[in-house]
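In: Could you look at this predicted model? Sequence included:
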Amino acid sequence: MAKQGTILVVDDNKAVLNALEMLLAGVFREVITIRTPNQIEATLESGRVDVVLLDMNFSAGINTGNEGLYWLSRIKGYAAEIPVVLFTAYADIDLAVRAVKEGATDFVVKPWDNAKLVATLLAAYRLHESRREVKQLKAKEEVLKGQLSPERTVVWGESDAMCRVRQLIEKVAVTDANVLITGENGTGKEIVAREIHALSGRKGEVMISVDMGAITETLFESELFGHVKGAFTDAREDRVGKFEAANKGTLFLDEIGNLSYALQSKLLATLQSRKVIRVGSNKPVDVNIRLICATNSDLPRMVKEGTFREDLLYRINTIHVEVPPLRERGNDILLLAEAFLRDYGRKYRKPDLSFSSETRQRLLGYSWPGNVRELQHTVEKAVIMCDRQVLTPEDFLFKSEPGEIAPLETLEDMEREMIRKALVRHEGNLSAVASRLGITRQTLYNKMKKFNL
Ligand SMILES: Nc1ncnc2c1ncn2[C@@H]1O[C@H](COP(=O)(O)OP(=O)(O)OP(=O)(O)O)[C@@H](O)[C@H]1O
């Protein structure tokens with residue numbers, strides 16, 4: 001067995017320390033031994049310790065176990081995630097129960113049985129690995145939340161459609177009901193899910209998002225339910241799955257419509273039992289999650305076509321929130337555009353930007369097939385490209401509407417329109433545009449300048 005992790009052994013008996021050092025050196029990569037507990041915190045400072053084996057009695061002659069409980073609480077106060085196994089010469093079950101209640105992971109009685117002690121310490125080590133992973137996942141989520149800035153604040157708008165969505169969310173957030181959010185791409189389904197979480201009693205816990213469309217069949221179980229070391233070739237360590245990581249919080253399953261039929265059954269079984277079994281283990285672990293799913297697929301139609309399980313749809317669809325497409329939100333388009341303009345104006349240090357009235361008409365008249373995401377990107381690009389404070393339609397690379405025919409009156413109009421379309425199609429890549437139009441980059445530059453593109 002490969003040695004792994006660092007164990008800290010705290011015991012004032014030198015003979016015990018020597019014996020443990022010899023035994024544990026065959027199991028752990030590093031064994032640190034100390035005889036006085038007031039060195040514990042300094043040792044933990046290194047950040048290397050995975051498990052502490054702590055004697056309960058230190059002051060000679062006073063075997064009440066209180067010293068152990070005192071140092072246990074100090075360790076928990078310093079690094080709550082490090083498992084502490086207590087060691088006592090007295091088989092005192094009351095003390096064991098009290099210690100476990102106060103945060104000890106387990107309890108071993110002296111004289112000890114080597115195999116049992118090693119098994120207990122290895123279990124504690126694995127527990128630490130899981131806790132560390134959950135902590136990392138949570139930290140990642142926090143970073144992700146932070147990265148949503150500056151567009152993190154939800155702009156609800158004033159349209160009836162969005163007011164209804166908001167009212168519904170406020171009502172259901174406080175319940176633990178499963179919510180299914182539907183809507184076209186980019187309408188804000190994830191932002192709605194985050195809002196439900198933020199308004200719920202679970203707001204102090206993490207929301208873990210999983211893109212179901214990005215998970216392969218082979219990794220599904222290990223990603224969602226976790227695995228134990230050795231469960232398959234690449235499983236070098238125990239690993240928590242997203243379900244366990246979201247415990248006490250919210251699990252957001254995005255693109256649920258992309259899940260294969262076989263995986264839908266596995267997901268359903270877990271949702272029904274509220275327990276997960278890590279791959280390679282046979283021990284079910286209880287999970288307490290609030291489930292939010294999102295999709296842009298028509299799930300009832302998929303049920304009819306036999307590609308989505310009806311029982312899974314019932315399970316995830318206790319409350320249904322439909323986020324309307326941007327084109328149905330009327331003036332909200334401008335409210336959102338102005339919010340993005342303020343955010344990106346700050347980000348790119350271009351304060352006091354505004355839209356010309358022609359631009360506002362253009363923004364309102366466009367159909368926004370990519371919804372809020374497209375609006376956000378469009379405004380960001382315009383802010384980057386503009387060099388005046390009032391943004392005119394020329395600052396925008398509007399995508400052409402299907403079937404839209406611009407009233408082109410002169411040859412110059414046509415030339416300008418061809419260049420504009422090529423710029424949109426090639427996302428501003430000037431070399432590609434020049435080659436597509438059969439002109440040099442220099443000519444393209446000159447024409448762009450002439451046409452104010
Ligand atoms: N009401 C809103 N207020 C502010 N920003 C919003 C709003 N709705 C959406 N956005 C922004 O638009 C972008 C797309 O939103 P989000 O990812 O929530 O959409 P989605 O419907 O989950 O997209 P997809 O279907 O592609 O997963 C994000 O950057 C988000 O911050």
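Out: Noted; the coordinates are in hand. Treat the numbers as computed from the prediction; the structure is a model and nothing was measured. Numbers count the residues shown, from 1 in each chain.
In: what's the residue in the chain positioned nearest to the ligand in contact with, if anything?
Out: Closest contact between the chain and the ligand, by C-beta to the nearest ligand atom, is at residue 188 (2.6 Å). Any C-beta I mention is one placed from the backbone N, CA and C, and that applies to glycine too. Applying C-beta atoms under 8 Å, 6 or more residues apart in numbering, one finds that residue 188 lies in contact with 154, 323, 371, 372.
In: Tell me who's in contact with the closest residue to the second one other than its chain neighbours.
Out: Spelled out, that is residue 323. Using C-beta to C-beta, 6 or more residues apart in numbering and skipping residues adjacent in sequence, the residue nearest residue 323 is residue 183, 3.4 Å away. The contact partners of residue 183, by C-beta under 8 Å, 6+ apart, come to 189, 294, 296, 322, 323, 324, 325, 371.
In: May I have the beta-bridge partners of the second one?
Out: Just to be clear, that refers to residue 294. Residues in a beta bridge with residue 294, per DSSP bridges, are residue 181.
In: Pull up the residues of the stretch 351-453 of the chain that are close to the ligand.
Out: Among all residues of the stretch 351-453 of the chain, those adjacent to the ligand (criterion: C-beta under 6 Å from any ligand atom) are 372, 373, 376.
In: buried subset of those?
Out: Buried positions within these, assessed by neighbour count (16 or more other C-beta atoms under 10 Å), are 372, 376.
In: tell me which parts of the stretch 201-350 of the chain are close to the ligand?
Out: Residues of the stretch 201-350 of the chain found near the ligand (C-beta under 6 Å from any ligand atom) are 254, 294, 296.
In: now that we have those residues, which one has the most neighbours?
Out: Counting neighbours by other C-beta atoms under 10 Å, residue 294 leads these with 26 neighbours.
In: That one touches residue 258, doesn't it?
Out: No - taking contact to mean C-beta atoms under 8 Å, the distance of 11.0 Å between residue 294 and residue 258 leaves them out of contact.
In: Is the lengthiest helix in the chain in proximity to the ligand?
Out: In the chain, ranked by residue count with DSSP state H as the criterion, the top helix is helix 114-147. No - using C-beta under 6 Å from any ligand atom, no contact is recorded between helix 114-147 and the ligand, whose separation bottoms out at 10.0 Å.
In: I'd like to know the average pLDDT value across that helix.
Out: Per-residue pLDDT over helix 114-147 has a mean of 78.
In: what comes up buried for that helix?
Out: Along helix 114-147, these residues count as buried under the neighbour rule (16+ other C-beta under 10 Å): 117-118, 120-122, 124-131, 133-134, 137-138, 141.
In: domain assignment for the chain?
Out: 6-129, 148-322, 326-399, 405-453 (automatic domain parsing).
In: tell me, which of these is the model least confident about?
Out: Set side by side, these give their lowest mean pLDDT on domain 405-453, at a mean of 76.
In: can you give me the offset of that one from its chain's centre?
Out: Between the mean C-alpha point of domain 405-453 and the mean C-alpha point of its chain there is a distance of 41 Å (C-alpha atoms, centre = their mean, to the nearest Å).
In: before we move on, what about stretch 293-313?
Out: Relative to the centre of its chain, stretch 293-313 is centred 24 Å away, using C-alpha atoms, centre = their mean.
In: Appreciated, that's everything.
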